[in-house]
Structure formats: C-alpha cells, structure tokens
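no sequence for this one, just the structure:
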Ligand code: NAI
Ligand code: MG
C-alpha cells in the first residue's frame, strides 16, 4: 500500500523540521512494509511575495487529491501578520472541513515539565479544539479606523454541526482512553455560545454512558492545566480557547518544540493536515536550533490517521526516546542540530518497541 502525502514545508524553520520528520516517517514505512510518496508544495512567504497569491483554487484542488497533508509552519516578518496564517492554514481547515484539532499534551517517560515539575505519570491528556468556527470565522468589521471613535466588532460563530462533530470526536476518544471528558469554555460570561456547547455535550454524552464529563472555565483551566494536568483525559473546547490552552499545554510539555497537532476531518471527505503547534520561528531560522520533535510527533498523528497504527506508535516512541537523551529541548544546548535529531529519530524507529 502507498500513502500520498502533500508536504508544505512553508517558512522559517518549517522546511527543516518537516524534512527531519519525514525521515522518521520513511523509516517507519520501511519497518512496516508500506510506501510513502510525497509531493512538495511551494507555499508560504516566498511564493506569496512572488505571486501575490497565498494559495489558489488549482493548488487547493491538487492538495485535496492527497491522502494527508504535512505542514511545517508559515509566517514571515515581511508579510502582514495573518495574511499567510489565515490565508493558508485557516483557509485549508475550512476548505477541507478539518473541524477537529487534536492536540496531545503528554510528558514522555523520563521527562519532567521544566516549568511546573509535573512528571510523565501525571501528564497525558488530549485537547480537542473545534477548528473552523468561534472567533476565527473573521466576521465583523472596523469602523472609523485610526480615529478616537474607532469601533471593532469581531463576531463569534457556533453551529450545531461543527460543534457536534468536535464533541462527538472527543467523546469517542475519551471512551478509548481513561473515559473522562472536560468541556472548557467561559459559559458564565459568553452565555449564548457557552449554553450551546453545554447542551451539545449533554446531548452527545447520552451516547457514551461510560464516559464521565465535567466542566472547567477557560480561565480556571490556565491554572489547573499546568499545576494538575493529571486531572484531565480529554478536554473539548472552542477555537480560541483551544488555541490558547494548547500553547499552555506545550509549555507544560517542555516547549513548543514538542507540541504536535492534527487538523482532522472526521468524515474523511478531504485530507487531514498535520502540523507542529509552533510557528516559523524567524528568530532561530536557518540556525539548526529547531527541535523537530513536534513535527515528528505530528507526523506520527498523520500515520495514525492513515490507519498505520503500529508505524505511528513506533515513530512516537522513537521521538520520545530521543527526546529523553537531549540535554535541552531548543537552541544550541540541544547538542545536535535539527537534521541530526531527525536522523537519530529515524534510526531509533528501526528498533524501538512500539
Ligand atoms: P513561533 O512558534 O514561531 O516561535 C515562538 C518561540 O518558540 C520562538 O522563540 C521560537 O524560537 C521558539 N520555537 C518555536 N518552535 C521551536 C522549535 N521547533 N524548536 C525550538 N524552539 C522553537 O511563534 P511566533 O514567534 O509568535 O511566530 C513566528 C511566525 O510564525 C509568525 O509569523 C506567526 O504568525 C507564525 N505562526 C505560524 C503558525 C503556523 O504555521 N501554524 C503557528 C504560530 C505562529
Ligand atoms: Mg496557536
């Protein structure tokens, strides 16, 4: 069997971490006897500055023909913030109905959170973030810009289909894990959206009688997640809260260099897209100081999404094993550059236990 992957390296450290992750994917494919064919897509700041277009319809159609998409990161100081991030990532999430963002927050054996001192026994949760709506729909406007009378309106949208898809996915995941689901929102203030989220959770919960569910406010989550991550199994939340608590989760895990994600289309009607949580990190681009673990762990989620469960487990285990040997998770203190760490992960893939 052959899996066709579209690869968008993107900007800054994106291409380096993606190349490093692909080394691990290829090693896992060799071990488990399947083939991976990749098609590189030249998207990101350079392409945009050259053509004035972030991604056109023809390119979107070609991306759609692939089984999955691996993305590095986009974003460049020469381009207005948002043009590439919204124009590519948010646009593809919507076009390909990737309504579920999967964000594992896990400390691997032997690792202790550098921030909170929490250890591996007490940190293994997954954040499920609704990925297409909320405040990210972009609706609203700015009137009287540049004057003291300026007024901005930024609309938030919550619909039953997309929310139900995310909540149902979260319950299904919890049922296969430790059977606990937590809704994270701010329903005491955002009463309309909060009520709809809670109603949908209560309704879907009926279909998963073994899964317990509770509720935590997004602000309180910012305290519980770092101090007591062991309290959570699956956390389901909206787009903006999910974005924020995901980065908090990354900090608990050891930094953005370790945080993986999937933009997942649960219906399988278009490819899912797998990307590290971090951005293009222009401050360290070209230096070899980027940790490719986040990209490798995202690639492991990709293999799982393609049905290659053993290969996914092995790539995850190999990455965790290499991480445990690194003296630091970012910068020159890692003791090896991005490509070397990628090569080490690929080598470990050949003999690590899943
Ligand atoms: P960033 O994630 O690129 O970097 C934040 C900090 O973390 C920097 O100090 C960076 O050096 C460090 N860092 C990030 N990834 C690392 C890795 N793998 N290993 C070691 N250190 C790492 O976020 P920032 O600086 O806010 O944004 C830079 C650009 O990336 C902006 O244009 C932003 O819009 C874009 N961005 C794109 C994302 C995406 O493509 N999904 C996500 C977040 C930001
Ligand atoms: Mg983010």
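Arrived safely. Quick caveat, the model's predicted, so the values are computed rather than measured. Ligands and ions are numbered 1, 2, ... in the order given.

just the helices in this protein please.
Residue ranges of the helices in the chain, as given by DSSP state H, are 14-32, 45-51, 57-64, 83-84, 91-95, 160-175, 191-205, 218-227, 239-253, 293-305, 309-325, 338-349.

what's the most buried one of these?
helix 293-305 (a mean of 28; mean count of other Cβ atoms under 10 Å). Any C-beta I mention is one placed from the backbone N, CA and C, and that applies to glycine too.

quick revisit: the helices of the chain into a markdown table, with extra columns for distance to ligand 1 and mean pLDDT?
Shown next, in a markdown table, are those (distance: least, Cβ to the nearest ligand atom, whole Å; pLDDT from 0 to 100):
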| stretch | distance to ligand 1 | mean pLDDT |
| --- | --- | --- |
| helix 14-32 | 6 | 98 |
| helix 45-51 | 9 | 96 |
| helix 57-64 | 16 | 98 |
| helix 83-84 | 7 | 96 |
| helix 91-95 | 10 | 93 |
| helix 160-175 | 19 | 97 |
| helix 191-205 | 24 | 98 |
| helix 218-227 | 17 | 96 |
| helix 239-253 | 9 | 94 |
| helix 293-305 | 5 | 98 |
| helix 309-325 | 12 | 96 |
| helix 338-349 | 8 | 98 |
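
For residue 110, which of the ones you listed is the nearest?
Smallest distance to residue 110 across the helices of the chain (Cβ to Cβ): 4.1 Å, for helix 309-325.

Can you check what pLDDT the model gives the nearest residue to residue 305 once chain neighbours are set aside?
Using Cβ to Cβ, 6 or more residues apart in numbering and skipping residues adjacent in sequence, the residue nearest residue 305 is residue 272, 5.3 Å away. If you check residue 272, the pLDDT there is 98.

And the helices of the chain: which comes nearest residue 285?
Between residue 285 and the helices of the chain, the shortest gap by Cβ to Cβ is with helix 14-32, which sits at 8.2 Å.

what's the spacing between the closest one and its chain's center?
17 Å (Cα atoms, centre = their mean, to the nearest Å).

if I read this right, the residue nearest to residue 305 contacts residue 261, doesn't it?
No. Residue 272 lies out of contact with residue 261 (Cβ atoms under 8 Å); the separation is 10.7 Å.

The residue nearest to residue 63 when sequence neighbours are not counted and ligand 1: what is the separation?
Once flanking residues are discounted, residue 63 sits nearest to residue 6: 5.1 Å by Cβ to Cβ, 6+ apart. The gap separating residue 6 from ligand 1 is 15 Å, by Cβ to the nearest ligand atom, to the nearest Å.

Can you report how many residues neighbour residue 6?
For residue 6, the neighbour count with other Cβ atoms under 10 Å is 22.

One more: residue 238?
Neighbour count for residue 238, taken as other Cβ under 10 Å: 28.

residues contacting it?
Contacts of residue 238 were listed using Cβ atoms under 8 Å, 6 or more residues apart in numbering, and they are 129-130, 133-134, 158, 185, 193, 197.

Also residue 15?
Residues in contact with residue 15 (Cβ under 8 Å, 6+ apart) are 9, 72.

Over to residue 125?
Residue 125 makes contact with 104-106, 229, 232-235, 249, according to Cβ under 8 Å, 6+ apart.

From those, pick the one nearest ligand 1.
Ranked by distance to ligand 1 (Cβ to the nearest ligand atom), the contacts of residue 125 are led by residue 249 at 13.8 Å.

The nearest residue to that closest one once chain neighbours are set aside - how many residues pack around it?
Nearest residue to residue 249, sequence neighbours excluded (Cβ to Cβ, 6+ apart): residue 105, at 3.5 Å. If you count neighbours by other Cβ under 10 Å, residue 105 ends up with 24.

quick one, phi psi at the one residue in the stretch 51-200 of the chain that gets nearest to ligand 1?
The nearest approach of the stretch 51-200 of the chain to ligand 1 comes at residue 75, 2.2 Å away (Cβ to the nearest ligand atom). The phi/psi pair for residue 75 (degrees, to the nearest 10) reads phi 140, psi 130.

Run a quick neighbour tally on it.
Neighbourhood size, residue 75 [other Cβ under 10 Å]: 22.

The helices of the chain: which one's closest to residue 120?
Nearest to residue 120, of all these, is helix 309-325, at 9.3 Å by Cβ to Cβ.
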